[in-house]
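A.B. asks: Structure for the following, please:
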Amino acid sequence: MILLSIDNAELAYGLHPLLDRARLTVQADERIGLIGRNGSGKSSLLQLIAGRGVLDDGEIRRADGLRTVLVEQEPELPAAESLHDSLTLRGGLTDIDDERERWRIDARLAECLQRFGLDGARSPAGCSGGERKRAALALAFAMQPDLLLLDEPTNHLDIAGITLLEDWLLKGGNGGGPRSLIVITHDRAFLDRVATRIVELDRGLLRSYPGNFAAYEARKTDELAAEEKANRRFDRFWAQEEVWIRKGVEARRTRNEGRVLRLEALRVERAARRERMGSVKLALSAGERSGKLVAELEGVAKSFGTRAVVRDLDLRVMRGDRIGLIGANGAGKTTLIKLILGELPPDAGTLRLGTNLRVAYFDQLRAQLDPERTLADTISPGSEWVETADGRKHVMSYLGDFLFPPQRAQARVAMLSGGERNRLLLARLFAQPANLLVLDEPTNDLDIESLELLEDTLQSYTGTLLLVSHDRAFLDNVVTQTLAAEGDGRWKEYVGGYSDWLAQRPQAPAPEKTATAKAASAEKTQRPAASRSKPGGSKPGGSKLSYKEQRELEQLPDELEALEREQAELTARMSGADYHRQSPAQLKTDRERLAEIEGLLEEKFMRWSELDRRATQAAGA
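C.D. replies: The predicted model follows:
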């Protein structure tokens, strides 16, 4: 079943069109990974699909009743007293006329917030970028769209959050996730696990490749080689014709009008050929070697209030080590980096730094960039020249290596996008020799091609590297040791990258079977009083659940999930193109069962809320 089709789409914001007669068809149950260089128009395309923009020309056709939800790179949360209320406004839940549907979405939202580790009662004003992203994702899953649109969903998420998102997307419509998906991401591991098709936006065209990212890479390599060969053959022929037309008198005597017209057509074709965007040129000098010992920590501890971030850590960093730090958001990775560098004093233990250290620090918040300075002044203040690993370069040429054209050299940093700021910070770091390189989340907002070039550069770097990243493929390709947060301020060192840590780490205990049911405690305080009626009656102070009621409370989440799965399957079957060919008896049976499921869902949600309320009151009595 076709959900959406784009035909001959044209869209331009500058010299080159973002979409140039582009075509795309999205089928039901597809998970499409949308990739392309920074600035190629991927986010603009998602906005168009979501109905938030208009094409210059062409057409977007949507299936009748198609429900789409877009989660932007930096989701905005409306002002409200609670995160739950803010999401209710963002999702337009108050505009839903069907009270039962509105109540069901509200209940699912409470469950989704709980799964993403968020408290719906907290203020949205205090949410971090990662929390805003998780909240917007929770709302998107609660609304169960036919087509979910995600723009860089893994930015700001830690590895556990990324894995949870992948698991949910893989469940599809039958497991509460979206039936179909279009996602923009630079996370290659995410694309390898989730995508069923890769669509590349390249020079205004949409090119489709079946399979995941690994399958795309294999085919793309062959495609680019064939394109380059064809261009060389075209250019040789074109050059020969240009020589012929310039032969002077002899050519004018024998000039063939057909050949002249063909040459004019060749010139038009060559002028219209859009070359692939240039690649970032990275070169990193380690400069003078540091001492053999870079840093040594013995019994180091650091706490903030009652929370231990680092506890009794022994660590030795030697010259040439490539250490990746992994852990949940808030685990203390940046704090540990500052302890290793001596920028933060430990509460206990000793730190010894090596000799002749020259540190270059990539800050994930990009605090080192002054938004009011120009690009040229940021790279080389007070000078027109930059000393690089490849020798002395003019600042304009050096900025060009990082895809900044000369006309932008005097632009202010404040005018740059997130990806451009990352490139500028890398350019600044790489302009100075450093034998200790610290990269704190360098991969955010970089396109895949730039990521792979950064990997190649780091692999040939002879200094010491400390890397904080949630990009699993990047970690695997760069680091040789992993320092992982184990909880309660404990850190443990493992040999190898992310995949090696995954194989060696202690296995986490199985989640509680009743974890899903706990979502109701967040949801019940937000539901209107009329919806919290007590079908069985209970005393105002609450009463302890009987053994039978406790068992019922534990089983209700599984029963609800089974009903929602059956509802999704039945709805999908009834939406099929050939469903009308079923017998009248079958059509009637399906309609009756669908109505029955709706009634059961409402009844069981009410019962779940009632039992959970009583259990909570009894526990607090």
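A.B. asks: Kindly provide the distance from the closest residue to Glu74 other than its chain neighbours to Ala328.
C.D. replies: Excluding the flanking residues, the one nearest Glu74 by C-beta to C-beta, 6 or more residues apart in numbering is Gly129, at 7.0 Å. For glycine as for every other residue, the C-beta is placed from the backbone atoms N, C-alpha and C. Distance from Gly129 to Ala328, counting by C-beta to C-beta, to the nearest Å: 15 Å.
A.B. asks: residues contacting the residue nearest to Glu74?
C.D. replies: 74, 155-156 (C-beta atoms under 8 Å, 6 or more residues apart in numbering).
A.B. asks: Separate out the buried members of those residues.
C.D. replies: Neighbour counting with 16 or more other C-beta atoms under 10 Å marks 155-156 as buried within those.
A.B. asks: I'd like to know which of the contacts of Gly129 is nearest to Ile379.
C.D. replies: Ile379 has its nearest neighbour among these in Asn155, at 25.2 Å by C-beta to C-beta.
A.B. asks: For the helix or strand hosting Arg565, name the packing helices and strands.
C.D. replies: Per DSSP states H and E, Arg565 falls inside helix 547-574. If you count contacts as 3 or more C-beta pairs under 8 Å, 6 or more residues apart in numbering; DSSP states H and E, helix 547-574 packs onto helix 584-620.
A.B. asks: any idea how far Val54 is from Ala9?
C.D. replies: Counting by C-beta to C-beta, the gap from Val54 to Ala9 is 11 Å.
A.B. asks: next one: Arg193
C.D. replies: Distance of Arg193 to Ala9, given as C-beta to C-beta: 29 Å.
A.B. asks: The two - which one has more neighbours?
C.D. replies: Ala9 (23 against 18; other C-beta atoms under 10 Å).
A.B. asks: OK, contacts around the more buried one?
C.D. replies: 19, 21-24, 48, 55, 57-60.
A.B. asks: what do you get for Gly126?
C.D. replies: With contact set as C-beta under 8 Å, 6+ apart, Gly126 has no partners.
A.B. asks: any chance you could map the helices in the stretch 201-350 of the chain?
C.D. replies: 213-245, 249-254, 257-272, 333-341 (DSSP state H, counting those that start in this stretch).
A.B. asks: average model confidence for stretch 423-443?
C.D. replies: Mean per-residue pLDDT for stretch 423-443: 83.
A.B. asks: List the buried residues for it?
C.D. replies: Using 16+ other C-beta under 10 Å as the test for burial, stretch 423-443 gives 423-431, 433-443.
A.B. asks: Measure how far that stretch is from the centre of its chain, please.
C.D. replies: In terms of C-alpha atoms, centre = their mean, to the nearest Å, the centre of stretch 423-443 is found 22 Å from the chain centre.
A.B. asks: try stretch 59-67
C.D. replies: Centroid displacement of stretch 59-67 relative to its chain, using C-alpha atoms, centre = their mean, is 25 Å.
A.B. asks: so where's the stretch 301-450 of the chain shaky on pLDDT?
C.D. replies: Scanning the stretch 301-450 of the chain for pLDDT under 70 picks out 364-368, 389-390, 418.
A.B. asks: let's see 80
C.D. replies: Residues of the stretch 301-450 of the chain meeting the criterion pLDDT under 80: 362-369, 382, 387-392, 401-403, 416-422, 429-433, 444-446.
A.B. asks: now Glu131: how far from Val194?
C.D. replies: 22 Å.
A.B. asks: Grab the nearest non-local neighbour of Gly497.
C.D. replies: Residue nearest to Gly497 in three dimensions, not counting chain neighbours: Asp476, with 4.0 Å by C-beta to C-beta, 6+ apart.
A.B. asks: so what secondary structure elements neighbour the helix or strand hosting the one you found?
C.D. replies: Taking DSSP H and E as the definition, one finds Asp476 inside helix 472-478. Applying 3+ C-beta pairs under 8 Å, 6+ apart, we find helix 472-478 packed against helix 188-194, strand 322-326, helix 448-459, strand 464-468, helix 498-504.
A.B. asks: Neighbouring strands - and their directions - for the following helix or strand past that helix?
C.D. replies: Remark: after helix 472-478, the chain's next helix or strand is strand 481-487, criterion DSSP H and E. Under the criterion DSSP bridges, strand 481-487 sits next to strand 322-326 (parallel), strand 490-495 (antiparallel) in its sheet.
A.B. asks: which of these sits most buried?
C.D. replies: Counting by mean count of other C-beta atoms under 10 Å, strand 322-326 has the highest mean neighbour count of those, with a mean of 23.
A.B. asks: Next, the distance between the ends of stretch 21-37.
C.D. replies: Terminal residues of stretch 21-37 lie 18 Å apart, using C-alpha to C-alpha, to the nearest Å.
A.B. asks: overlap in contacts of Val54 and Ala9?
C.D. replies: With C-beta under 8 Å, 6+ apart as the test, Val54 and Ala9 both reach Leu48.
A.B. asks: related to what we said a few turns ago, my read: the residue nearest to Gly497 touches Tyr498, true?
C.D. replies: Yes. Using C-beta atoms under 8 Å, Asp476 is in contact with Tyr498, at 5.3 Å.
A.B. asks: So for those two, which residue has more residues nearby?
C.D. replies: More neighbours surround Tyr498 than the other of Asp476 and Tyr498, with 24 against 20 (other C-beta under 10 Å).
A.B. asks: show me the contacts for the more buried one.
C.D. replies: 159, 324, 326, 472, 475-476, 482.
A.B. asks: which pair in those spans the largest distance?
C.D. replies: Ile159 and Asp476 (12.2 Å).
A.B. asks: Would you mark the buried spots in stretch 597-611?
C.D. replies: Quick answer for stretch 597-611 (16+ other C-beta under 10 Å): 597, 601, 604-611.
A.B. asks: by contact count, what packs against whichever strand or helix holds Gln47?
C.D. replies: Using DSSP H and E, Gln47 maps to helix 42-49. Under the contact definition 3+ C-beta pairs under 8 Å, 6+ apart, helix 42-49 sits against strand 2-12, strand 17-27, strand 31-35, strand 68-71, strand 147-151, strand 180-184.
A.B. asks: what's the angle from that helix to strand 2-12?
C.D. replies: For helix 42-49 against strand 2-12, the angle by axes from the mean of the first three to the mean of the last three C-alpha atoms, to 10 degrees is 120 degrees.
A.B. asks: ok, residues contacting helix 42-49?
C.D. replies: Under C-beta under 8 Å, 6+ apart, the answer for helix 42-49 is 4, 6, 9, 11, 13, 18-19, 34-36, 53-55, 60, 68, 70, 72-73, 147, 149, 151, 182, 184, 201.
A.B. asks: Now for Gln582, how many residues are close by?
C.D. replies: So Gln582, with other C-beta under 10 Å, has 15 neighbours.
A.B. asks: Where does the prediction get shaky in the stretch 1-150 of the chain?
C.D. replies: 13-16, 38-39, 94, 129.
A.B. asks: And stretch 448-458, what's buried?
C.D. replies: Buried residues in stretch 448-458, counted by 16+ other C-beta under 10 Å: 448-455, 457-458.
A.B. asks: Reformat the residues you listed into TSV and put distance to Asp558 next to each item.
C.D. replies: Supplementary listing: those in TSV, determined by distance: C-beta to C-beta, whole Å:
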residue	distance to Asp558
Ile448	40
Glu449	45
Ser450	45
Leu451	41
Glu452	44
Leu453	48
Leu454	46
Glu455	44
Thr457	50
Leu458	47
